[in-house]
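Asker: show me how the following folds:
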Amino acid sequence: MKKLFYGIGGLVLLLVLALVVLTQVIDTERVKRVLIEQTREKTGRALVINGDLSWRFFPSVGFTVKDASLLNPPGFTEGNTLSVGEISLDVALKPLFDNKLDVGEAVLANARLHLITRADGVTNIDDLRELLAESGNNTETPETTPDGTKTDTQPATESTHSSMQVSLAGVKVADAEVIIQNDMSAKLTRLNRVNFTLSDFAPGNTVPLSLSGNLFTDDIQANIKASGQFWLAPELDRIQLNDLDLLVGTTGRAIPGNKQFALQGDLSYHLDNKLATFKEVDLDIGELAVSGELAVAHQGQPELSFNLHTDLLDIDALQADWRATPVTENTQDAKEAVSQNAAPPATLSSAVPSAEPDMSFLQNIKVEGELAADKVQASGIELEQLDIHIYLDQGKVTLNSVQAQLYEGQIDATAELDVTRHPARFWVKQTLTGINAHELLNAAADLDYLEGRGDLTFNLTGSGLTAAAIKKSVKGTAGIKVTDGALQGVNIASLIRRAYAKVKGLPVPAKDQVEKTDFSALTADFAIAKGTVSTDNLHMASPLLRIDGEGETDLFDQSLDILMNTAIVGSLKGQDGEELSELKNILLPIRISGSYQDPEYSLDLQQLFDVYLSEKADKEIERAKRKLGDKLGDKLGDKLGDKLPGLFDKLGL
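Answerer: Next up, the predicted model:
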């Protein structure tokens, strides 16, 4: 037994010595030349190896290549598609005898990948993908789908049995850089400090993946962390990343301040169609959280389609969150934050914010989709069950079939925003039916003096997206109809009684405790232009009053100048209970002045005084005619009576 152990030990020692000698006598320069020649023969590409090539034979066969580069194919600018500081790869020995190639973890350190898309859409890796796809099609192996099932293929042939099975323990990329150059869109994207791990990789199998790195474009800087379950189709034309968990911290010219993006869901990507599809998406962007499905195609012009839902769409919070504000953070601090895989601070210059936002970036994308929200908050207004169809193409955003419930009523609207001009232009056509007018006005403008069930229509155009620009440019028409309502803050009947008492010299009655004027219907049409809203057909009807009005309001200073010609059509009584028949069917001018928040109502006392004197003069004429008729007879009395009005006029009566 002892001799057997000595024999085995000697054999192992001899094998080790043989491997040591083998590593010394192998001509690595020759191996490098073979690798370069084989690369050119198989791919048509030039492989450059400037560094050393070293071998390992125990406990597995492996090699390390330093400072290697794969040059761009013909038709592209001179340079490297891929350059690697160091490549390390191991192959297990025993499985080789069973016609299996078990590759250990492939490690790439200090790699740099430069992806180029020419103006005609051809990329500098298309030839490699086609070569890999062809080699994959030459072996008949069962195709595995992302859910782990296998599809049936043709019966195994002799070549199938003799083909070598390949597996890869994993891929590890450390401190890499990726340059994405798109000549079609004239965009350059750079990722640095990229760290990537992929475990137990093999086409057709689902394996764990993790990724981290920093992203830089002209407008955005971001820190990215992602993990998920990765699947690559055997045809090498589709990838899928299930259970994706993506966290992005961003800043930059297009991102005011620091923003966090969180995305969970299932991602699939078709390499030929350049189409990314997200399913079961949960997306958090600042104050917005949405779920649903979306897809992005980026052949030439990026195209986004979606069907998303959110519990709450708080537009006020989103505007505050995304409003560009100057930040004076140190740029070096931002770079250090990015290098430490932290959400970087904002580095916006004071020149970035502007009164009128630049929406020109919308000209370069195409968007179509449905957005639903259980609740919406905008400018203090609350909507429920919102459903919008959004379409964006060539810088024009169209909102079709905007449906929502609004303060016990319904809203139906369409709108368009044209950002091909600066400032942007817009038009809005909107109908509101069955709205609780008091709740709407109170929420929208803190106004509480109109009650009733209302229908409103708007047809407006304008330019600019700031409040001042909209007020200045907006023009169009609007209409309102309110039924079974009331004007709060004024009792028109009481106003007339008090004014009439002053004219007659009677005690002025105290104001009613409830300043309110009920009406059965209130209607008006409005013309909007040059910062003013005017009407010439305001009508209000009630059992007691009939009002016809006209006037205007200024959108800038919110001033009011409205004249309401009021007629008493019912029974209006004075303080003593006596009916004010003298004023019945007489037009009494009531003027509304002040502002939206503090309207003032006043009755023209002079006109009321003139009405009173006219009524008094008429009564005196009638009384004089009766007296003359009694004394002089009907015939003479009638003749004198005909002359008396002119006489009273000359006398100032």
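Asker: neighbours around residue 257, how many?
Answerer: A count of neighbours around residue 257, defined by other C-beta atoms under 10 Å, yields 17. (C-beta placed from N, C-alpha, C; glycine too.)
Asker: cool, residue 467 as well?
Answerer: For residue 467, which is what you asked about, the neighbour count (other C-beta under 10 Å) is 10.
Asker: one more: the one 5 residues further on?
Answerer: Using other C-beta under 10 Å, the number of residues around residue 472 comes to 15.
Asker: isn't it right next to residue 464, touching?
Answerer: Yes. Counting by C-beta atoms under 8 Å, residue 472 does reach residue 464; the two are 7.4 Å apart.
Asker: residue 441: what secondary structure?
Answerer: At residue 441 the chain is in helix, as set by DSSP: H, G, I helix; E, B strand; the rest coil.
Asker: next up, the contacts around the nearest residue to it once chain neighbours are set aside.
Answerer: Here the nearest residue to residue 441 in space, its sequence neighbours aside, is residue 447; by C-beta to C-beta, 6 or more residues apart in numbering that works out to 4.3 Å. Residues counted as contacts of residue 447 (C-beta atoms under 8 Å, 6 or more residues apart in numbering) are 441, 596, 597.
Asker: ok, residue 447 to residue 404 distance?
Answerer: 21 Å (C-beta to C-beta, to the nearest Å).
Asker: cool, and residue 204?
Answerer: As for residue 204, its distance to residue 404 is 47 Å (criterion: C-beta to C-beta).
Asker: same question for residue 468.
Answerer: Counting by C-beta to C-beta - residue 468 and residue 404 are separated by 27 Å.
Asker: more neighbours, the two?
Answerer: Regarding residue 468 and residue 404, a neighbour count based on other C-beta under 10 Å identifies residue 404 as having more, with 21 against 13.
Asker: the more buried one reaches residue 382, doesn't it?
Answerer: No. Residue 404 lies out of contact with residue 382 (C-beta under 8 Å); the separation is 9.9 Å.
Asker: joint contacts of those two?
Answerer: With C-beta under 8 Å, 6+ apart, residue 404 and residue 382 have common neighbours residue 376.
Asker: ok, and the closest non-adjacent residue to residue 273?
Answerer: Once flanking residues are discounted, residue 273 sits nearest to residue 297: 7.0 Å by C-beta to C-beta, 6+ apart.
Asker: for that neighbour, which residues make a bridge with it?
Answerer: According to DSSP bridges, the partner residues bridging residue 297 are residue 275, residue 303.
Asker: hmm, it is touching residue 303, no?
Answerer: Yes. With contact taken as C-beta under 8 Å, residue 297 and residue 303 are classed as touching, separated by 4.4 Å.
Asker: by contact count, what packs against the strand or helix carrying residue 455?
Answerer: Take DSSP states H and E as the rule and residue 455 turns out to sit in strand 450-463. With contacts taken as 3 or more C-beta pairs under 8 Å, 6 or more residues apart in numbering; DSSP states H and E, strand 450-463 sits against strand 425-436, helix 437-445, helix 467-473, strand 475-488, strand 516-529.
Asker: and the gap between the residue nearest to residue 441 and residue 521?
Answerer: From residue 447 over to residue 521 (counting by C-beta to C-beta), the distance is 20 Å.
Asker: what of residue 312?
Answerer: 37 Å.
Asker: repeat that for residue 130.
Answerer: Remark: distance between residue 130 and residue 521 (C-beta to C-beta) = 75 Å.
Asker: which of these two has more residues huddled nearby?
Answerer: For residue 130 and residue 521, the more surrounded residue by other C-beta under 10 Å is residue 521, and the numbers stand at 14 against 11.
Asker: if I look at that one, how far off is residue 591?
Answerer: Residue 521 sits 22 Å away from residue 591 when distances are taken as C-beta to C-beta.
Asker: what about residue 40, which SS state?
Answerer: Secondary structure assignment for residue 40 (three-state DSSP): helix.
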